[in-house]
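K.L.:
Below are the sequence and a predicted model; questions follow.
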There are 2 protein chains.
Amino acid sequence: MNKNQAIQLLKQRGYKMTKRRKDILTFFSREDKYYTAKSLYEYMESIYPGISFDTVYRNLHLYHDLGILESTDLYAEKHFRMNCGDQHHHHFICSKCGRTKKINLCPMDEVHELLGTYQIEGHKFEVYGLCPDCQVLAS
Amino acid sequence: MNKNQAIQLLKQRGYKMTKRRKDILTFFSREDKYYTAKSLYEYMESIYPGISFDTVYRNLHLYHDLGILESTDLYAEKHFRMNCGDQHHHHFICSKCGRTKKINLCPMDEVHELLGTYQIEGHKFEVYGLCPDCQVLAS
DNA sequence: ATCTCAAATAGGAATCATTCCGTTTTACAA
DNA sequence: TTGTAAAACGGAATGATTCCTATTTGAGAT
């Protein structure tokens, strides 16, 4: 999902296109990486002094519900990133900078048979560590 | 890990054995399931009216650090369970009651090669859904 | 261009899990 | 039995997130 696709989707669904909403998309479009609500808030604060938490969180939830963003719970805090949802996949997530790398492998195929009568509703598979850039900085 | 093993470990490491600590172990020994700090607090409150949050959280962390408990972030809240750590494994977790079933399969074997120069530090793989008991109740 | 009004935002209080801290109590070794 | 550090108490503080009411604004209709 890129910024223009997201704007299209919002209009299609009848949501108003505000400057704040565009700037949130700009924020997330910069990198393939997970961001905290706080980091978005700080970015928005710098453009719109006095912006409300409500605006940040309301739009994060809206974008998440629309599939524009995907989220994960990391270090007891929700993190968000642009949805790269062409097909089902998982992520390596850098524990230092939050940047991600797609993992085109899903363990669920083999797991289904192991779980017999258990009704599967979802799953989470993430790998954590240091990306090449952050390994260099750490050494 | 069972209650007696945990008590042994605490003594070995020089920690004091208090009634509260024993009762926390009793609480977690009841079922193979993830519990919130809150549910432990309520259990302890019923035995020790006026017990401090501090006591609950301090011991949860102690037990976690000693490997007596394992934890996971679920629904933006930490959940704890008795460590069943004979060998590396993952869990199916019932989204209704929290009860778990071991999954003896780990996707990391195949993932290592996909991640080349990325330095892996950890991973998380969990499957969510309804256990057989909760499916019956839901129907 | 202006009007209208539901949707969006501001401002800040409230909530919820968790952590922190100074004081008091207790397990256990001597 | 006593001394002492560990453990627990009591409650305030923190940090992320949600909620509430009043005000502002985007965008379709006139």
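P.N.:
Arrived safely. Keep in mind the model is a prediction, meaning the values are calculated, not measured.
K.L.:
ranges for the helices of chain A?
P.N.:
Under the criterion DSSP state H, chain A carries helices at the ranges A:3-12, A:19-29, A:37-47, A:53-65, A:108-114, A:132-138.
K.L.:
got a list of contacts for the second one?
P.N.:
Judged by C-beta atoms under 8 Å, 6 or more residues apart in numbering or on different chains, the contacts made with helix A:19-29 from elsewhere in the structure are A:2-3, A:6-7, A:10, A:15, A:35, A:40, A:43-44, A:47-48, A:51, A:55-56, A:59-60, A:63, A:68-69, A:80-82. For glycine as for every other residue, the C-beta is placed from the backbone atoms N, C-alpha and C.
K.L.:
what does the fourth one give?
P.N.:
Contacts of helix A:53-65 from elsewhere in the structure, counted by C-beta under 8 Å, 6+ apart, are A:6, A:15, A:20-21, A:24, A:37, A:40-41, A:44, A:69-71, A:80.
K.L.:
and with 6 Å instead?
P.N.:
For helix A:53-65, contacts defined as C-beta atoms under 6 Å, 6 or more residues apart in numbering or on different chains pick out A:I24, A:L40, A:Y41, A:L69, A:S71, A:F80.
K.L.:
Spit out the contact partners of the fourth one.
P.N.:
Contact criterion C-beta under 6 Å, 6+ apart gives A:Y63, A:F80, A:N83 as the residues in contact with A:L69.
K.L.:
same thing with the second one?
P.N.:
Contact partners of A:L40, counting by C-beta under 6 Å, 6+ apart, are A:F27, A:V56.
K.L.:
pretty sure A:K96 is touching A:P132, no?
P.N.:
No. With contact defined as C-beta atoms under 6 Å, A:K96 does not count as touching A:P132 (11.4 Å).
K.L.:
For the residue nearest to the spatial centre of chain A, give its distance to A:E31.
P.N.:
Of all residues in chain A, the one closest to the mean position by C-alpha atoms, centre = their mean is A:R81, 2.1 Å from it. Distance of A:R81 to A:E31, given as C-beta to C-beta, to the nearest Å: 9 Å.
K.L.:
what residues does chain A put near DNA strand C?
P.N.:
A:15-16, A:18, A:20-21, A:48, A:50-55, A:58-59, A:76 (C-beta under 7 Å from any atom of the strand).
K.L.:
does any bit of whichever strand in chain A runs longest sit next to chain B?
P.N.:
Criterion DSSP state E: the longest strand present in chain A is strand A:119-130. Yes. Shown here: strand A:119-130 in contact with chain B (C-beta under 6 Å from any C-beta of the partner chain) through A:Q119, A:I120, A:E121, A:G122, A:H123, A:K124, A:F125, A:E126, A:V127, A:Y128, A:G129, A:L130.
K.L.:
related to what we said a few turns ago, which among the helices of chain A is found nearest to B:V111?
P.N.:
Nearest to B:V111, of all those, is helix A:108-114, at 13.3 Å by C-beta to C-beta.
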